[in-house]
Every structure is written in structure tokens, then in C-alpha cells.
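Asks: The sequence and its predicted three-dimensional model are supplied below.
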Amino acid sequence: LVVSEQPPSREKPFRCLECGKSFRKCSSVIQHQHIHTGAQPYSCRECEKSFQTSSHLRHEQTHTGERPFCCTEGEGLKPEQQPHHPPVHPHRGEALQVWGV
């Protein structure tokens, strides 16, 4: 009988050969390796800015003005002020409204 140190759902069998960090999915190791290689395979279609992960393509919303998660207290701000809104007026714990979903 072999006893695993972690429950089966927590096992991380995929390991980065560069730094030894472990992951649950092979795809996560591949994405992580971009840190070591400096690869930025995902680019914005509007300004060609590059990113290491596809999740950073949320950046494209800066070109469309789309803001699906907004604090209702920031509604009156100019678009150029909205990215700075959270540090100026921290969220107080209430749920954010989801717009356009």
C-alpha cells in the first residue's frame, strides 16, 4: 500500500524542470514555463501588446470601453479615471454588479 502525502484531488504530478514547481495539469506547467523563457505568445489585436497568459487578454477591454464588473460608486467617473478608481475608493465588501452579462 502506497500512501500519498496529499489527497488524490490535490496531487500535483507535473513538475517544472527549471525550478521544480509542481502543478495538477500539464497545461499549467507549459503556461508556467513562459516565466522562465520570457515568451509572450498572446497579443492584443488592437495594439499588439504581448502577454504570457491568455487571461491577460482582458487588456483588450481597454480599447472597447467594456467594463463588465463595475463598482456602482464609480459610475460618474471619466473613462480615464476608472482604472484608478479601486485604490482611491476601495471596495467595501458588497457584491459588484455585473453589466452586459
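Replies: Structure received.
Asks: Count the residues that sit near P13.
Replies: Neighbour count for P13, taken as other C-beta atoms under 10 Å: 10. Just so you know, the C-beta spots here come from the backbone N, C-alpha and C atoms, and that holds for glycine as well.
Asks: So for it, what's the pLDDT?
Replies: Note for P13: predicted pLDDT of 93.
Asks: S22 is in contact with that one, correct?
Replies: Yes: under the criterion of C-beta atoms under 8 Å, P13 makes contact with S22 at 7.5 Å.
Asks: Neighbours of V29, how many?
Replies: By other C-beta under 10 Å, the residues close to V29 number 19.
Asks: Could you confirm it falls within a helix?
Replies: Yes: counting by DSSP: H, G, I helix; E, B strand; the rest coil, V29 is found in a helix.
Asks: so what's it scoring on pLDDT?
Replies: pLDDT recorded at V29 is 91.
Asks: One more: S43?
Replies: S43 is assigned 87 on the pLDDT scale.
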